[in-house]
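1. sequence unavailable; structure follows:
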């Protein structure tokens, strides 16, 4: 990484968004706040240790807020902050691209 | 991964875009076609084996086109296909978000 990359907001944002599961977590939390287990099921296949690490990182970056509810048994929910919700634009752009180019992998794998 | 995820174009697109270096490669090739070494330098820090694997995957998905030029020494360039260039919308959305929220990680890391 050179100096330009180190101080480039786009380069740094890509570094965050390319961390495995981060985009899936953001997309899921854009729907509604979730508990840890719900989130784990919704993103599909992320192991709990990795999910916890990603959520800590997103919380530290100010994109996710963790709330511990005083109930028995204790319940923790995760929701996006305003900065996290602003990633809706990125997910929407992926959505548009995906719907337009859905057929690419299927075509590539079809019998000749 | 459940059935819904397996057949969801957005889920599958996120799976591709979260592969480390893929977004950096796309962003770099949106500027102009590049040779392998140029691309390696431009994305910053990706080892050659990983870069080659990612380029193969992007080519297989129809997002990148590889051209071998008949010159001495032989030269290979990589460029985006129309489907690959359509990812401009995703990079633009990341760009907008990044410029708006640039200060988040800096704030989080500043001395108290």
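-> Received it, and whenever you're ready, just let me know what you need. What you see is a predicted model, and the numbers here were worked out from it, not measured in a lab. Numbers count the residues shown, from 1 in each chain, chains lettered A, B, ... in the order given.

2. can you tell me the element residue A:89 falls in?
-> Using DSSP states H and E, residue A:89 falls within helix A:88-101.

3. buried residues, that helix. List them.
-> Across helix A:88-101, burial judged by 16 or more other C-beta atoms under 10 Å in any protein chain shown covers A:88, A:89, A:90, A:91, A:93, A:94, A:95, A:97, A:98, A:101. Where you see a C-beta, it was placed from the backbone N, CA and C, and this is true even at glycine.

4. for stretch A:31-43, same thing?
-> Buried, per 16+ other C-beta under 10 Å, within stretch A:31-43: A:34, A:36, A:39, A:40, A:42, A:43.

5. right, is that stretch up against chain B?
-> No. Applying C-beta under 8 Å from any C-beta of the partner chain, one finds stretch A:31-43 separated from chain B by no less than 8.6 Å.

6. thinking residue A:48 is in contact with residue A:40, fair?
-> Yes. Between residue A:48 and residue A:40 there is a contact at 6.3 Å, judged by C-beta atoms under 8 Å.

7. report the contact partners of the closest residue to residue A:29 other than its chain neighbours.
-> Leaving out its chain neighbours, the residue that sits closest to residue A:29 by C-beta to C-beta, 6 or more residues apart in numbering or on different chains is residue A:80, at 4.9 Å. The contact partners of residue A:80, taken as C-beta atoms under 8 Å, 6 or more residues apart in numbering or on different chains, are A:26, A:29, A:30, A:63, A:64, A:65, A:87.

8. now residue A:80: phi and psi?
-> Backbone torsions for residue A:80, taken as degrees, to the nearest 10, come to phi -80, psi 140.

9. roughly how far apart are it and residue B:45?
-> Between residue A:80 and residue B:45 the computed distance is 29 Å (C-beta to C-beta, to the nearest Å).

10. low pLDDT regions in chain A?
-> A:1, A:103-112 (pLDDT under 70).

11. what's the nearest residue to residue A:36 if we skip its chain neighbours?
-> residue A:76 (5.9 Å).
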